[in-house]
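*Asks:* 3D, please:
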Amino acid sequence: MRCDGPLDETYYLMRLRQLLLCCLLTAFTGLLSSQAFAAVVPGVVSKSGAKLQVGALEWVAGNQDADFPTAHDAPWSWQPLAKPNLKKQRNGVWLRFSLDSASANSGRWYLSVKWPVLDAVRMRLFYPAKGEWGPLMRAGDYIPKRDQPLAVHNLVFPLELRGDERAVVYMQVQAHELMALPLSIYDETGFAAEKIIDVAMISLFFGGMLVILLYNSSLFVFTRDTTYLLYVLYLLSALFYVLTITGFGQLFLWPDTPVFTRRFYALSAALCFFTPLLFASRFLKVRSYGGWPWLVTWVLMGYWAVVILVTLFAPSLGRYLMAEPVALVHCVLTMAAVINLWLRGNGSAKLFTIAWSTLLIATVVHLLALEGLLPLNALTLHGQLIGMFAEFVLLSMALAQRINQERDRRVLAQQSLLQASEALAHEREQRLQAQQQALAAQVRANEALEVRVYERTRALEDAKRGLELVNEQLTRLSVTDALTQLSNRGHFDLMIDEEIRRAQRTETPLSVLLLDIDHFKQVNDTYGHPFGDDCLRLVADTLRQYGQRAGDVVARYGGEEFVMALPGMNSHEAREQAERIRAAVAVLRPVHGEKRLELTISIGVATLQPPANCTPTQLLAATDTALYRAKHNGRNQVAVAKPDELFEPSVS
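*Replies:* The predicted structure follows:
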């Protein structure tokens, strides 16, 4: 199924309107027919007409630890109950009223409390003529269904009365929420008829809601539009709420979990305020309009999120949140915000306002009835379901209308695109004709250009290769000593600075050798500079053999001095390497004429051992000091720099 394909939104909207009308007529008929049985007695509604005389309903607050005999005998201040709503009574209440079957036949009667979210209701019959008590019966959120007198969705207590018998009903009621007490008494026939009407109405409600839920779930699956997901969450929250307040949830889904059931009314109500805000902010794009509607939306969302968390994890603190007054304020503010968006040109806000107003009006009436500001009857107690169902049908129509609008926009966009494509095709055809006319000339020009480009490219490549060769030679000459073909001093100065940084970074030693040919000035003075140059080249070749590791640097430092950088060698290894070099030079025998000369070399060694730190100047100065000591001690030897001649304290 696709939203713009087989799905006919117009047909769907028509079916939704028919479904809404049918359900509303049926619901109103059910409520009115339910009222037709009623014969109001102060505080108690009797559905059995004149067959059973029901006395006035009286109540007293507190005394939650008292038992039934105490309630009968104690001199409490019983007061008439004029309205079946007591707001919040944290310590519970006691109720009593009399039943007189003087004009009735023997049989079973049923006392029904049509507010199944009460925490606990305990009831016993007292028979004054016999001075006896009937069995204790319990019902409510805190009581598992298996322990209640009847497995029905309301709180129902069977009443056993014989002909010409009088009894007094005593009830203890406890509730953390608003205490509504819509009491009704039925005979067996009336109870069966009332149960059929209740089940039929609720089944109709859930059936319609299920259709809407499945439809919008399928839309989310196929469109991946988050709006439909939020709407489905809103629907699920509403179903959760209705299952709670009607008692069908405890009857069928969670019959034996009173620990959770006692929180479900507050939780489901909070979800029914929280999830529509999520849906509305997305559907109406409230954020894009900004202003106070956006602020109100987020403040209310934050408040209901807190209520949900408190209900789940700290329900005892819920009394401090004043949820009922805030709920009334919520209804007024959200309606004002939606109307504001409507007036500001939001196309979806019109139908949304109509849809939401049905539920908000029904919710306000429901809350006012629970607060005692309106009469509590079948219409004010359950009329919220009618408003809720009407709202969801209208919201589904609004969503379907949005699908139509989006489809129309896509059709217009496709038509505009088609027209633009046709114009582009015509223009392209004209350009193609012009291009074909110029193509032959362009091909010839390209061929000639390719020949010229090829010739120029070859010339440039030849010139580039020559330039690279020259640059390579210049680079090599700039770092190479012309006489010995070793690195020159400038290159060594650059490399030693880099090697010191690498040694500090890798925490590996770095040794430097400074080498000086002994009595070289006499060689030059005696045999001439050409022979001296031969000796320098001979020593350079020897040094090169001992500096072939990766990273080793061998350079002529000036005159008869050479320098070597040996990364990774500690002081001991560097001294041994220096001894090997000294020995290798000592066996050299350069020939001048018929005379063989002996050459010796003095070597100074200094080692940088991280984390110690020094500069290149300090390292070379220490090496030079060690070389001077080798010269002073007789030449042809190796001297190692002392630590105090080299290092500064580490700054790390």
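*Asks:* what about residue 74, neighbour count?
*Replies:* 11 (other CB atoms under 10 Å). Just so you know, the C-beta spots here come from the backbone N, C-alpha and C atoms, and that holds for glycine as well.
*Asks:* show me what contacts it?
*Replies:* By CB atoms under 8 Å, 6 or more residues apart in numbering, the residues touching residue 74 are 63, 66.
*Asks:* do the one 4 residues further on as well
*Replies:* Listed by CB under 8 Å, 6+ apart, the contact partners of residue 78 are 58-60, 96.
*Asks:* let's go with 6 Å and repeat that
*Replies:* Residue 78 makes contacts with 58, 60, as judged by CB atoms under 6 Å, 6 or more residues apart in numbering.
*Asks:* and if you look at residue 390?
*Replies:* Going by CB under 6 Å, 6+ apart, residue 390 touches residue 358.
*Asks:* that one and residue 152, how far apart?
*Replies:* Going from residue 390 to residue 152 by CB to CB, to the nearest Å gives 27 Å.
*Asks:* now swap in residue 111 and tell me
*Replies:* 12 Å.
*Asks:* between those two, who's got more neighbours?
*Replies:* The neighbour comparison of residue 111 against residue 152 (other CB under 10 Å) goes to residue 111, with 26 against 20.
*Asks:* for the more buried one, name its beta-bridge partners.
*Replies:* Residue 111 forms beta bridges with residue 157, residue 185, as assigned by DSSP bridges.
*Asks:* that one reaches residue 155, doesn't it?
*Replies:* No: Residue 111 lies out of contact with residue 155 (CB atoms under 6 Å); the separation is 8.8 Å.
*Asks:* the lengthiest helix in the chain: what's the following helix or strand?
*Replies:* Across the chain, the longest stretch assigned as helix under DSSP state H is helix 378-479. Following helix 378-479 in sequence order, the next helix or strand is helix 489-506 (DSSP states H and E).
*Asks:* what does that next one contact?
*Replies:* Residues outside helix 489-506 that contact it (CB under 6 Å, 6+ apart): 479, 510, 553, 555, 557, 563, 565, 567, 608, 610, 616.
*Asks:* at 7 Å instead, please
*Replies:* 479, 509-510, 553, 555, 557-558, 563, 565, 567, 608, 610, 613, 616, 619 (CB atoms under 7 Å, 6 or more residues apart in numbering).
*Asks:* can you show me the strands along the stretch 201-350 of the chain?
*Replies:* In the stretch 201-350 of the chain, no strands are defined using DSSP state E, counting those that start in this stretch.
*Asks:* ok, which stretches of it are helices?
*Replies:* Taking DSSP state H, counting those that start in this stretch to define them, one finds helices in the stretch 201-350 of the chain at 226-246, 248, 258-283, 286-289, 291-313, 323-343, 349-370.
*Asks:* which of these has the lowest average pLDDT?
*Replies:* The weakest mean pLDDT among the helices of the stretch 201-350 of the chain belongs to helix 349-370, with a mean of 81.
*Asks:* could you say what helices and strands that one packs with?
*Replies:* helix 323-343, helix 378-479 (3 or more CB pairs under 7 Å, 6 or more residues apart in numbering; DSSP states H and E).
*Asks:* now do residue 627, the pLDDT please.
*Replies:* 94.
*Asks:* what about this protein, any weak spots by pLDDT?
*Replies:* 1-51, 102-107, 259, 463, 466, 470-477, 647-652 (pLDDT under 70).
*Asks:* domain parsing for it?
*Replies:* Taking automatic domain parsing as the domain assignment, the ranges for the chain are 9-29+201-409, 37-195, 489-645.
*Asks:* a markdown table for those, including distance to residue 452?
*Replies:* Listed next are these as a markdown table, based on distance: least, CB to CB, whole Å:
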| stretch | distance to residue 452 |
| --- | --- |
| domain 9-29+201-409 | 56 |
| domain 37-195 | 94 |
| domain 489-645 | 44 |
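*Asks:* name all residues that make contact with the nearest residue to residue 301 once chain neighbours are set aside.
*Replies:* Once flanking residues are discounted, residue 301 sits nearest to residue 277: 4.8 Å by CB to CB, 6 or more residues apart in numbering. By CB under 7 Å, 6+ apart, the contact list for residue 277 reads 297, 300-301.
*Asks:* may I have the secondary structure class of the closest residue to residue 545 other than its chain neighbours?
*Replies:* Excluding the flanking residues, the one nearest residue 545 by CB to CB, 6+ apart is residue 584, at 7.5 Å. Assigned with DSSP: H, G, I helix; E, B strand; the rest coil, residue 584 falls in the helix class.
*Asks:* shouldn't residue 584 be in contact with residue 542?
*Replies:* Yes: Residue 584 lies in contact with residue 542 (CB atoms under 7 Å); the separation is 5.2 Å.
*Asks:* got the buried residues for stretch 121-141?
*Replies:* For stretch 121-141, the buried set under the neighbour-count rule, 16 or more other CB atoms under 10 Å, comprises 121-127, 134, 137-141.
*Asks:* what's the answer for stretch 590-603, then?
*Replies:* Neighbour-count burial for stretch 590-603, counted by 16+ other CB under 10 Å, picks out 590, 599, 601-603.
*Asks:* can you redo the helices and strands packed on helix 349-370 as JSON lines with distance to residue 52?
*Replies:* Below are the helices and strands packed on helix 349-370 laid out as JSON lines (distance: least, CB to CB, whole Å):
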{"stretch": "helix 323-343", "distance to residue 52": "35"}
{"stretch": "helix 378-479", "distance to residue 52": "20"}
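*Asks:* having no further points to raise, I will conclude here.
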